[in-house]
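Chemist: build me a model from this:
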Amino acid sequence: MTVFVIRRLMQSLLVLAATAVIVFVGVYAIGDPAEMLIAPDATPAERAQVEASLGLDKPLPVQFLAFLGNALHGDLGRSFVFNQPSISLIFERLPATLELALVAILISLVIGIPLGLIAGLKPRSVTDETIMTGSILGFSLPNFWQGMMLVMIFSVWLGWLPSSGRGPTGQIFGIETSFASWEGIRHLILPATNLALFKLSLVIRLTRTGVRETMPLDFVKFARAKGLTERRVVLVHVLKTIMIPLVTVIGMEIGSLIAFGVVTETIFAWPGIGKLLIDSIMRLDRPVVVAYLLVVVSLFIVLNFAVDVLYSILDPRIRLGRN
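Modeler: This next block holds a predicted model:
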């Protein structure tokens, strides 16, 4: 187990280092932030002064070495627009994005697993066809269109839920969250639902497939032969078996929810890191874009590492096969 963990840590560090190089070169080779920050009537001397203060007058390799040295000390540069450390901007907005992603994955699990079980236990029935048709719609319809329809129906037509913003927040166990007030929860429902729809469809299909593959196996027949109720067979034996692929996929999907929640955060004006990324790209705020990408990649690496370790605990054959 120790060798397995050490190998995974080394691989994670290599991925992070390669990502830092690719992201920096890709982002810093695009556009000129000075054009966005300096007034059109500025003199060449004023322009040179601003570029020197931002470090834009140095060659790209020199900028990268300076960035790398600062990054090793936890400094990913200062925002050109906000004039504060870019990493602090990311961490200010990150709790809102994490809250949105966790609620979205919770919605997809609480609804998706039961629906997948029902569909898998009643194949080719009307119930199965209805559930699977709904899951196809969740896959097929664009995320931005789903978000606009949710706003149109529940905010504009029915007036039940607010259409934008995070709403008032409060502290629960010292954590700033929307769950501290009913108004905050109301603001959270629509964006979390929009973000959860694709993952909900994925969980339904994974659960259904797992049930269909597990039900004919010998250990399920043996459990029934022992006289166990169908409920116990499904909830204990079948569900435990299908949780291994579900844990793997869900662990990675949490990362994708954080990384690709940009559309949802933009539609619902949710003050997370996704909206910050869009604003920074529009303003060519390079340090914030680089910090965002590195933080998100780090989250992916951590989640991937946690999933690998958990997977090896659930199925020791994986650990033994890779040592």
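
Chemist: residue contacts, the closest residue to residue 143 other than its chain neighbours?
Modeler: Closest residue to residue 143 in three dimensions, ignoring its sequence neighbours and counting by Cβ to Cβ, 6 or more residues apart in numbering: residue 263, at 5.1 Å. No exception for glycine: its C-beta is placed from N, CA and C like everyone else's. Residues counted as contacts of residue 263 (Cβ atoms under 8 Å, 6 or more residues apart in numbering) are 143-144, 147, 274.

Chemist: dump the C-alpha coordinates for the helix or strand hosting residue 61 into CSV.
Modeler: Here residue 61 sits within helix 60-71, counting by DSSP states H and E. Extracted C-alpha coordinates of helix 60-71, given in CSV (Å, rounded to 0.1, in the frame of the first residue of the first chain):
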residue,chain,number,x,y,z
LEU,A,60,8.9,35.0,-21.6
PRO,A,61,11.5,32.6,-20.2
VAL,A,62,12.6,35.1,-17.5
GLN,A,63,8.9,35.7,-16.6
PHE,A,64,8.4,31.9,-16.3
LEU,A,65,11.5,31.5,-14.0
ALA,A,66,10.3,34.3,-11.8
PHE,A,67,6.8,32.8,-11.7
LEU,A,68,8.2,29.4,-10.9
GLY,A,69,10.3,30.8,-8.0
ASN,A,70,7.4,32.7,-6.6
ALA,A,71,5.1,29.7,-7.0
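
Chemist: picking that back up, can you name the next helix or strand after the helix or strand containing the residue nearest to residue 143?
Modeler: Under DSSP H and E, the secondary-structure element containing residue 263 is helix 262-267. Using DSSP H and E, the next helix or strand after helix 262-267 towards the C-terminus is helix 273-282.

Chemist: just the mean pLDDT for the helix or strand just after that following helix, thanks.
Modeler: In the C-terminal direction, the helix or strand that comes right after helix 273-282 (DSSP H and E) is helix 286-314. Taken as a whole, helix 286-314 carries a mean pLDDT of 77.

Chemist: so which elements touch helix 286-314?
Modeler: With contacts defined as 3 or more Cβ pairs under 8 Å, 6 or more residues apart in numbering; DSSP states H and E, the packing partners of helix 286-314 are helix 2-28, helix 86-121, helix 239-259, helix 273-282, helix 316-322.
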